[in-house]
Structures are given as C-alpha cells and as structure tokens.
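In: Got a predicted structure here, sequence first:
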Amino acid sequence: MATFLKSLKNGGYLDDLSMTIAQVGSRKLSEKDDYGSQEWHVFAPNLKIYGFDADVDACEAANADLEARGIDWFEQHIPLTLSDRVGEATLYVTKDPMCSSLYRPNVNYLGRFAELAGAMDLDFSIEVETTTLDEFFLSTKASEVDFLHIDVQGADLNVLQGATGLLSRSGLGILIEVCFAPLYLNQPLFADVDNYLRDRNFTLFHFWIKQCARKISPIYSIHRPGQLTYGDALYFRDLLEDRNVDLQKNERLLKLACIADIFDFIDYSLEILTFLTIANDGNSKYNFAQIIINTLVQVKGIEDSLDSLPLFKQLQKYL
C-alpha cells in the first residue's frame, strides 16, 4: 500500500500529472494485471494504459469489460504481436495459451519440472505479423511511456529491443519477466535483459522469483524448494544519478516518486520528494516537506525524535 500517494492526491500535486503505462502481454489473469483498478487509478482521468497481446479474443474481452465498467481513464488493448522488428514470425501456441511464445518451448528440459510439464507443451504454431513499440508509438499521440510492463514468455528482450527509441526519451520504471533457465529454445536469459537495461541506465530494484522442483523427486527442501527458473524484475531509471541528469525534470521526478511509492519503495520515494523540495527551494508546486513530516510523525519510534533527524533539519525551512 502506497505511503505518500493519497496525501499527494489530496494536496492537489497530481492534478495535472499524467501517467502512461504500456502493458505488453496484457491478458488479465488476476486483479494485479488490472492496473486501472489499483493504486495507479490515482492519476485518473490523466491515466493512459495501452495493452498489447497477440490473442485477439483476449483483447476484445478486455476492451468490452472496460466499456461495461464505464472507466474514468483511458485504456485500450490492441491485438499486436510485439517484437524487435516489423515483419513475420512464428508464434508457438502452447496447451496453456498464457505460455505461448515467439520461442519454441524447450520440451525436454521442461519435462524435468513438475510445475512446468504439460502446460507449456506445444499445441500448434502459426505465422504472425510482428511490430515494435517504437513503431506503434510513432503512430499515436503518446510519444512517451512512464511505466512499461512486459510479460511475453521468453521474448521480453525482443520487445525491449523494439523500444530503443521510446526508452531513449522516456521510461521511469520497467517490470519485466525474466528467465534464469532455458524454458524456451534459444531464448534470452536474465543476464541478457539485465545487460540491456543497465546499458540504458536502468537500475535493478527488486525480484519476485519462482523456484521449481524436479518432477522425479517426491521430496524437496522448504528452504530450497527447487531451481530458480523465472520471475519478475523491477527496474527504475534513477533520475538522481548523474548519468540520468538529462532526464531530470521536475514532473518526471514526481512521477518516479509515485511509481516507487506504489511498489512500496517508500525510502526511495521519500528521497525523491526531498530532493524536489530542496532543488525547487520550497516552490509550492514541488514543496513536499509537510507531507513528508506528517507521514513520519505517524511512524512509531520516530514521532518523539523527529527534531533530531538530519532529514527534519533539511526540510525545516520549507515547512
């Protein structure tokens, strides 16, 4: 649950702030995939969500649901297969459609793991047209994306490589599925994704990992419940680093603070809000001193020693 977001909203700091999300692999499997109904909704009506999925039916169902709900933000799901180039590719459709990929499942390897066998077996393959995020956003009014979520079963790096232009001018956070084991033949692994993003000045902040036990074994350790196979990695473009100074604009910093807060990195969010307050010398539009202090006084163990904190002394003149 976000710490600063509600106060920022109530204080009017977000009134003119837009937030654009691109969700690649936007099939809504659970509540967490429905960004507009989560804390991101605080940016409505200035929230824009572009969803992409190779499954036409899934996109049509998502769009119909949004229309029925009468949402107060913009959201559209587009039936496109995104990759690193405009052209054609083979889509390998698996028994469980959510495991379908532009890479062929590594069936022999998958068969060694109890949780992976079966669902990722190949059902059929079809030829599809592919395009890129760069190509799509060249044709829309949205030239920048603030947050990018990619979950396309092994082809995640391909999608990033097709967003080189987009990421050169925008992008504050990226949540991306990564694999530590070759679940698909010749697929990029975590190291490849990490190298690509670090080269573009993104910093790894967190992992959500999945471990899978061997199918043959009836036992496994509760401490080591199988091999690290895949997971989600969260990256932020740290605008406080010198290498990102060209992107260090007030509005972007505030957006980054909000995104960090949504993901519960409240220490990072506080650091950015403090930086904005001091850098703008208390300008009311970016003076968050009172919000920070009001938040801290609610924390047990801090309220009685607040005056002694170096942070308080930094912000005192802006209260």
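Out: Alright, I've got the coordinates. Predicted model only: the values in this text are computed from it and were never measured.

In: And the helices in the stretch 101-250 of the chain?
Out: 107-110, 133-138, 156-161, 164-169, 190-199, 250-262 (DSSP state H, counting those that start in this stretch).

In: which residues make contact with the last one from outside it?
Out: Judged by Cβ atoms under 8 Å, 6 or more residues apart in numbering, the contacts made with helix 250-262 from elsewhere in the structure are 2-5, 8, 13-14, 17, 19, 38-40, 42-43, 146-147, 172-173, 236-237, 239, 266, 268-269, 272-273, 275-276, 279-280, 285-286. Any C-beta I mention is one placed from the backbone N, CA and C, and that applies to glycine too.

In: Of those, grab the buried ones for PyMOL.
Out: Of the contacts of helix 250-262, the buried ones go into a single PyMOL selection, burial set by 16 or more other Cβ atoms under 10 Å:
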select buried, resi 2+3+4+5+8+13+14+17+19+40+42+43+146+147+172+173+236+237+239+266+268+269+272+273+275+276+280+286
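
In: which stretches of this protein form strands?
Out: Remark: strands assigned in the chain by DSSP state E are 19-24, 47-52, 74-78, 81-82, 87-94, 122-131, 147-150, 173-179, 203-212, 227-236.

In: could you dump the ones you listed to TSV with mean pLDDT and distance to Y318?
Out: As requested, those are exported to TSV (pLDDT from 0 to 100; distance: least, Cβ to Cβ, whole Å):
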stretch	mean pLDDT	distance to Y318
strand 19-24	97	26
strand 47-52	97	29
strand 74-78	96	35
strand 81-82	96	44
strand 87-94	95	54
strand 122-131	95	47
strand 147-150	98	29
strand 173-179	98	27
strand 203-212	96	28
strand 227-236	97	25
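
In: JSON lines for those, including distance to S101?
Out: Compiled in JSON lines, the strands of the chain are given as follows (distance: least, Cβ to Cβ, whole Å):
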{"stretch": "strand 19-24", "distance to S101": "13"}
{"stretch": "strand 47-52", "distance to S101": "15"}
{"stretch": "strand 74-78", "distance to S101": "19"}
{"stretch": "strand 81-82", "distance to S101": "11"}
{"stretch": "strand 87-94", "distance to S101": "6"}
{"stretch": "strand 122-131", "distance to S101": "10"}
{"stretch": "strand 147-150", "distance to S101": "13"}
{"stretch": "strand 173-179", "distance to S101": "11"}
{"stretch": "strand 203-212", "distance to S101": "16"}
{"stretch": "strand 227-236", "distance to S101": "12"}
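
In: For E31, see how far away the residue nearest to S168 when sequence neighbours are not counted is.
Out: Closest residue to S168 apart from its sequence neighbours, by Cβ to Cβ, 6 or more residues apart in numbering: R200 at 7.7 Å. Per Cβ to Cβ, to the nearest Å, R200 is found 31 Å from E31.

In: So for these two, which residue has more residues nearby?
Out: The residue with more neighbours, out of R200 and E31, is R200; 16 against 8, by other Cβ atoms under 10 Å.

In: surely that one meets L167?
Out: Yes: R200 lies in contact with L167 (Cβ atoms under 8 Å); the separation is 5.6 Å.

In: Hmm, L273 is touching F288, no?
Out: Yes: with contact defined as Cβ under 8 Å, L273 reaches F288; the gap is 4.1 Å.

In: Between the two, which contacts overlap?
Out: Both L273 and F288 are in contact with F4, where contact means Cβ under 8 Å, 6+ apart.

In: Could you list the low-pLDDT ranges of this protein?
Out: Applying pLDDT under 70 to the chain picks out residues 28-30.

In: Am I right that E144 is in contact with S18?
Out: No: the criterion here is Cβ under 8 Å, and E144 misses it with S18 at 9.4 Å.
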